[in-house]
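# sequence and predicted model, in that order:
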Amino acid sequence: MDHERILRWTEAERLGVADLLDGLDGHEWEKASLCAGWTMRDVAAHLTLSTRTTLLGTIRGAIRARGDWNRMEFDLARERAVRFGPAELVAQIRETAGSSRRAPLAAPLDPLVDFLVHGQDIARPLGRDRPMPAERATAALAHVAASPFYGARKRLRGVRMVATDATWATGAGPDEVRGPVADLLLLATGRPAGLKGVTGPGTDRLAAALA
């Protein structure tokens, strides 16, 4: 896929999430996101890191977290959330919205996935509507389904996913799940909140995999 197009999509999502965060009340910043154990502020802090993380910083973080990638990501985000206030975090997202810089080992589509998914992590618990443009979301979902990084292959084993608002499907399992591409992307990245928008015999299998 054209890297320039991906970069334009990513910039648009970064600016959109910055606008979303700008509209939060003070107490909403401390509410729980869809990421278990993460507040909205933690998620915002994490989103500032994709254009600022260095290889050395990643190695140091991995050592401190004893090789636990999720623990490392949380620790880095929490440190930044303590260090910077909400307005500063929003400004940092906007500052590098158009940057092509990525975290070490990240693929071109990973920053787009990050902002599409974390935008929902913020919006949905607060009852905010944040539509996902179908073309961007479909590209992100195809990437997640094929990548070993997100754990989607194991999570979706035995399930065929079919988008109802885009021309996209994956999987050859006996149990089908149908729904909007946004909900399928949440499920592929391990978020049970996506179950509310899908139907089909594969929902029970997915619910068990996400439990």
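Nice, I can see it.
# so what touches the helix-or-strand element of the chain with minimal mean pLDDT?
Ranking every helix and strand in the chain by mean pLDDT, DSSP states H and E puts helix 55-64 at the bottom, with a mean of 77. The contact list for helix 55-64 (CB atoms under 8 Å, 6 or more residues apart in numbering) reads 69, 72, 75-76, 103-105. Quick note: C-beta positions are derived from backbone N, CA and C, even for glycine.
# give me the buried positions along that helix.
58, 61 (16 or more other CB atoms under 10 Å).
# circling back to that earlier point, drop anything exposed from the contacts of helix 55-64.
Buried by 16+ other CB under 10 Å: 72, 76, 103, out of the contacts of helix 55-64.
# go through the contacts of helix 55-64 and say which is closest to L156.
W69 (19.9 Å; CB to CB).
# report the contact partners of the closest one.
By CB under 8 Å, 6+ apart, the residues touching W69 are A62.
# can I assume E176 sits in a strand?
Yes. With DSSP: H, G, I helix; E, B strand; the rest coil as the criterion, E176 is part of a strand.
# which residues touch the residue nearest to T189 when sequence neighbours are not counted?
Distances taken as CB to CB, 6 or more residues apart in numbering put V117 closest to T189, at 5.2 Å, once the chain neighbours are dropped. Neighbour list for V117: 140, 185-186, 189, 191 [criterion: CB under 8 Å, 6+ apart].
# can you report how many residues lie near M132?
M132 is flanked by 23 other residues according to other CB atoms under 10 Å.
# now swap in the one 5 residues further on and tell me
By other CB under 10 Å, 26 other residues sit near A137.
# thank you, goodbye.
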